[in-house]
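J.: Mind looking at a prediction? Sequence and model below.
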Amino acid sequence: MTLAPGALAARAHPFTPLVLTVCIAVTAVALPGTEAAVAVYAATLLLVIVAGAGRAALRALIPLAPLWFFLLLLHGVLGGGETLTVLGATLSRGGLTLAATQAARLGAIATASLALYASFSPARFVDAVAQRGWSFSLAYVVVATLLALPRFRARAASILEAQRSRGLRLRGSPFNRLRAIGPITFPLVLGALAEVDERGFALETRCASAVERRTALAPPPDRALDRVARWVGIAAALAAVMWRLLA
Amino acid sequence: MSALDLRLVDFTYPGAPSPALSQCTLCAEAGAVTWLTGALGSGTSTALLVAAGLAPRHTGGLRAGQVRTLGVDPADPSSARDLGGRVALVLPSPVSQLSGIAETVAQEVAFAPANLGWAAGRIHDGVARALDILGISHLADRDPATLSGGEMQRTVLAATLVLAPELWLLDEPASALDAGGRALLHRLLRAEAERGSAVVVASEDADGLAGVADRLVVFDAGRPVLEGSPDAVLRGDPVWEAGAGSTTIAALARAAQVSAPRPLTVEEGVAQWTR
Amino acid sequence: MDAVTPLVLDGVRFGYGAEPVLDGVSLRLEAGEGVALLGANGAGKTTLTRLAMALRHPQQGSVSTCGRDTARRKPEDLADVTGYLFQHPEAQLFAQTVRGEVAFGPERLRWAAGRVAMAVAAVLDELGLAPHADKHPYDLPTPTRRLVALAAALVASPTLLILDEPTAGLDRNSRVRVARAVTARRRAGTAVLAVTHDFGFAVEVLDRAVVLDRARITHDMGLTDLLGRLPEFPAPPLLELARRLGIEKVRASLDALAPVLTSHPETGTL
């Protein structure tokens, strides 16, 4: 969790950001038309900022910017039909519209996902699942998957340091860079597998394999606002799907 | 009934050319600290994994012979459920013993009790007590991933202590600890034995365990070859012939051509060489 | 080995956030010196070693490794003169064979094939790894893998050798091999900087103690003068015995003390 403790997203019940992210994705993809897609993206941005995860919205621009550029090229340049001249370039009107739609959809999904990631707290999530009496194994898998990426990155960084200290050069010819792959990927993968193995031992001895009813240590409150937010999200997603099917 | 009872156990890891345990017979009693030692590959670590049931359940491989841990076969899935929380295994490397989902040290220590469904109040008190005993109360709100190796191992020990296990299985538990941590660990092991638990520790740290263990079992080539009181075993030649070692002072005495029985401690060494 | 000073830190200040982890740290290691870097927890000590390897750069002050200012350099620029054993070295192994793993460094440095083969064979012998030369590192037990990583750090005869907890997780025989190998390198002129809480090993192999506490160096003195004088740094058994027997001139290691004690049989006196 990288948000300030007072932020709305940090205080929300753990299921709320999860449900909302899925609903935003469904709504963004289901609703037809550019205006709807842009509206969903705008609404997502607003929601994320109000929830205190504004920085996630900015961070989402990093993967989005090249994707948007690619969409512009793909549809704007290669699309056919009526054209438009923008800054001296001749672009397809229909293509631009399509690019804008897809760009807005991706924007909504990426922003919501990064905000979810920033607000995610493994302990609170596990407690929320325990509180409802649901399967601990499932909760553990979700949490372990979400946490796997930062762990993997940390491991890759330390392996890279070790290999560079032995003389591995990353700059230079493409051949150099290709040769760098082995010394980094093998220990990374083998190490990750070995860690999974050892962690399996540890989990077993810490009674994690046959959990019947796990105690929620600090059960997160599920406030009215949380429930309303989730229902609104689900309703919006369902409405979007219906609209798509009927229109 | 012994807390741990291995009878003529053979165990071979998958794909291994030779067995790790070969006709191994080993008993450990409640209320005592049983110390296992031996050269690398002698089978002490495997004996602990077999006792915990992790070999063969998690490691794969073939096991023959009879294993009874707290009266049941730990490799049998239904018995393993019975053992939950009553048998604890502590390994040398702390990083891979963390749950991976705790945001604070307190949550990490609470991990197993929560899985067992203890009441929240009982967990809270147990955690506070375990952190206090291991001297890490000041780390309760720290992120376990930011701890040093020694602090992490203390966290793992606290997470084990909180369960008040009937059987402790420890493999080189002090390797990440500093001098203060080692002393604390040894006091802890004695206290647990006095409380009535069976403590089995595999270690080459003769200096540390000579004064802590009630019984020493020396392994060689997959089975115990020598047993007795640590004092008696460490002073003699057979422990060296088995490929294991003794205390630093005894090793020095041996290198200085002193014949058995050899001095074990600095005090005895001083007495030995200022006669 | 060239006549450069293996390591010079001058007024170094470094921190990851607002609080400095190292502040006003100055340290100098000469050729052949052996320094134990001590202190509570990993933060300052490991950071200092990373600065020495140009894995991080000082925010104030300077770091010069084997005569090269680290400020404008990358870790791969120091690989020909340094050897670094990381805390979890088994995690960096990638080659198909132990031999291949150890040869990686010299091959990166473009040594001739013959020279590589000789250096690799020599260091494998030194650490007792010759029987495992053609095995896959991941088929070996953890202590043996750590020895392979050490072999990789020693193979190019570095001017500066940095070890982070070199004896952690090692069995008795491996510890003996490590101590002998590092001692031999020191005699050949390699400067050794080791972060370790294994005082028995330190006394056997090193001479000087540098203590880091709250971002500063609080002690820089003879190792045997420090051990046993402060409660956080107890004297290891051989050192304590040597002191009590009045044998101070000899290194407190098994190899050095045994002959002294043998020449005075049990019934004799010192």
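T.: Nice, thanks for sending it over. Numbers count the residues shown, from 1 in each chain, chains lettered A, B, ... in the order given.

J.: which regions of the stretch 1-150 of chain C sit below the pLDDT cut-off?
T.: C:1-2, C:42-43 (pLDDT under 70).

J.: Quick one: name the residues of it near chain A.
T.: Applying CB under 8 Å from any CB of the partner chain, one finds that the stretch 1-150 of chain C approaches chain A through C:53, C:55, C:74-76, C:78-80, C:82, C:84, C:86, C:88-89, C:91-94, C:104-105, C:108-109, C:138. Any C-beta I mention is one placed from the backbone N, CA and C, and that applies to glycine too.

J.: Emit the PyMOL select command for whichever of the residues you listed are buried.
T.: Only the buried entries of the residues of the stretch 1-150 of chain C next to chain A go into this PyMOL selection, using 16 or more other CB atoms under 10 Å in any protein chain shown:
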select buried, chain C and resi 53+55+74+75+76+78+79+80+82+84+86+88+89+91+92+93+94+104+105+108+138
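
J.: Helices - which of the residues of the stretch 1-150 of chain C next to chain A land there?
T.: Residues of the residues of the stretch 1-150 of chain C next to chain A located in helices (DSSP state H): C:104-105, C:108.

J.: how near is A:Gly182 to C:Ala91?
T.: For A:Gly182, the distance to C:Ala91 equals 15 Å [CB to CB, to the nearest Å].

J.: Looking at the ones in helices among the residues of the stretch 1-150 of chain C next to chain A, which is nearest chain A?
T.: For those, the closest approach to chain A (CB to the nearest CB) belongs to C:Arg108, at 3.3 Å.

J.: so C:Phe233 makes contact with C:Ala36?
T.: No. Taking contacts as CB atoms under 8 Å, C:Phe233 lies outside contact range of C:Ala36: 9.6 Å.

J.: List the residues that contact the residue nearest to the spatial centre of chain B.
T.: Note on chain B: the residue nearest the mean C-alpha position is B:Leu170, at 2.0 Å, using CA atoms, centre = their mean. Neighbour list for B:Leu170: B:48, B:89-90, B:189, B:199-203 [criterion: CB atoms under 8 Å, 6 or more residues apart in numbering or on different chains].

J.: how much space between it and A:Ile234?
T.: Using CB to CB, we find B:Leu170 at a distance of 50 Å from A:Ile234.

J.: quick revisit: the more surrounded of C:Phe233 and C:Ala36?
T.: Set C:Phe233 next to C:Ala36 and count neighbours by other CB atoms under 10 Å in any protein chain shown: C:Ala36 wins out with 27 against 22.

J.: Partner strands of whichever strand or helix holds the more buried one and their direction?
T.: Element membership for C:Ala36, per DSSP states H and E: strand C:34-38. With DSSP bridges as the test, strand C:34-38 is paired with strand C:191-195 (parallel), strand C:208-213 (parallel).

J.: chain center to it: distance?
T.: Distance of strand C:34-38 from the chain centroid (CA atoms, centre = their mean, to the nearest Å) equals 8 Å.

J.: Please narrow the residues of the stretch 1-150 of chain C next to chain A to those residing in strands.
T.: C:82, C:84 (DSSP state E).

J.: Now do the strands in chain B.
T.: Under DSSP E, chain B gives strands at B:4-12, B:21-28, B:33-38, B:62-69, B:87-90, B:167-171, B:198-202, B:215-220, B:223-228.

J.: Buried ones in the last one, by neighbour count?
T.: What that stands for is strand B:223-228. Buried residues in strand B:223-228 (16+ other CB under 10 Å): B:223-226.

J.: and those near chain C, which?
T.: Okay, of the buried residues of strand B:223-228, nothing touches chain C (CB under 8 Å from any CB).

J.: quick one: pLDDT of the residue lying closest to A:Ala7 once chain neighbours are set aside?
T.: Of all residues not flanking A:Ala7 in the chain, A:Gly52 sits nearest, at 2.6 Å (CB to CB, 6 or more residues apart in numbering or on different chains). A:Gly52 carries a pLDDT value of 88.

J.: neighbours around the nearest residue to C:Leu29 once chain neighbours are set aside, how many?
T.: Excluding the flanking residues, the one nearest C:Leu29 by CB to CB, 6+ apart is C:Leu7, at 4.1 Å. As a burial measure, C:Leu7 scores 26 neighbours (other CB under 10 Å).

J.: hey, what's C:Leu7 bridged with?
T.: Beta-bridge partners, per DSSP bridges, of C:Leu7: C:Leu29, C:Thr65.

J.: So which elements touch the helix or strand A:Ala28 falls within?
T.: Assigned by DSSP H and E, A:Ala28 belongs to helix A:15-30. Where contact means 3 or more CB pairs under 8 Å, 6 or more residues apart in numbering or on different chains; DSSP states H and E, helix A:15-30 is packed against helix A:34-50, helix A:93-119, helix A:224-246.

J.: Which other helices and strands does the last one contact?
T.: Packed against helix A:224-246 by the contact rule (3+ CB pairs under 8 Å, 6+ apart) you find helix A:15-30.

J.: residues in contact with the helix it packs on?
T.: Residues contacting helix A:15-30 (CB under 8 Å, 6+ apart): A:9, A:37, A:40-41, A:44, A:47, A:51, A:104-105, A:108-109, A:112-113, A:115-116, A:119-120, A:128, A:222, A:226, A:229-230, A:233-234, A:236-237, A:240-241, A:243-244.

J.: which SSE is the closest residue to chain B within chain A in?
T.: Closest approach between chain A and chain B, counting by CB to the nearest CB: A:Glu198, at 3.6 Å. Per DSSP H and E: A:Glu198 is located in helix A:181-205.

J.: for chain A, which helix is longest?
T.: The residue-count maximum for a helix in chain A (DSSP H) belongs to helix A:136-165.

J.: report the angle between the axes of that one and helix A:181-205?
T.: Per axes from the mean of the first three to the mean of the last three CA atoms, to 10 degrees, the angle that helix A:136-165 makes with helix A:181-205 is 150 degrees.

J.: Let me know the angle separating helix A:136-165 from helix A:93-119.
T.: Going by the same axes, to 10 degrees, helix A:136-165 is angled at 100 degrees with respect to helix A:93-119.

J.: Next, format the buried residues of strand B:223-228 as JSON lines and append distance to B:Ala179 and pLDDT.
T.: Converted to JSON lines, those look like this (distance: CB to CB, whole Å; pLDDT from 0 to 100):
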{"residue": "B:Arg223", "distance to B:Ala179": "33", "pLDDT": "96"}
{"residue": "B:Pro224", "distance to B:Ala179": "30", "pLDDT": "97"}
{"residue": "B:Val225", "distance to B:Ala179": "31", "pLDDT": "97"}
{"residue": "B:Leu226", "distance to B:Ala179": "29", "pLDDT": "97"}
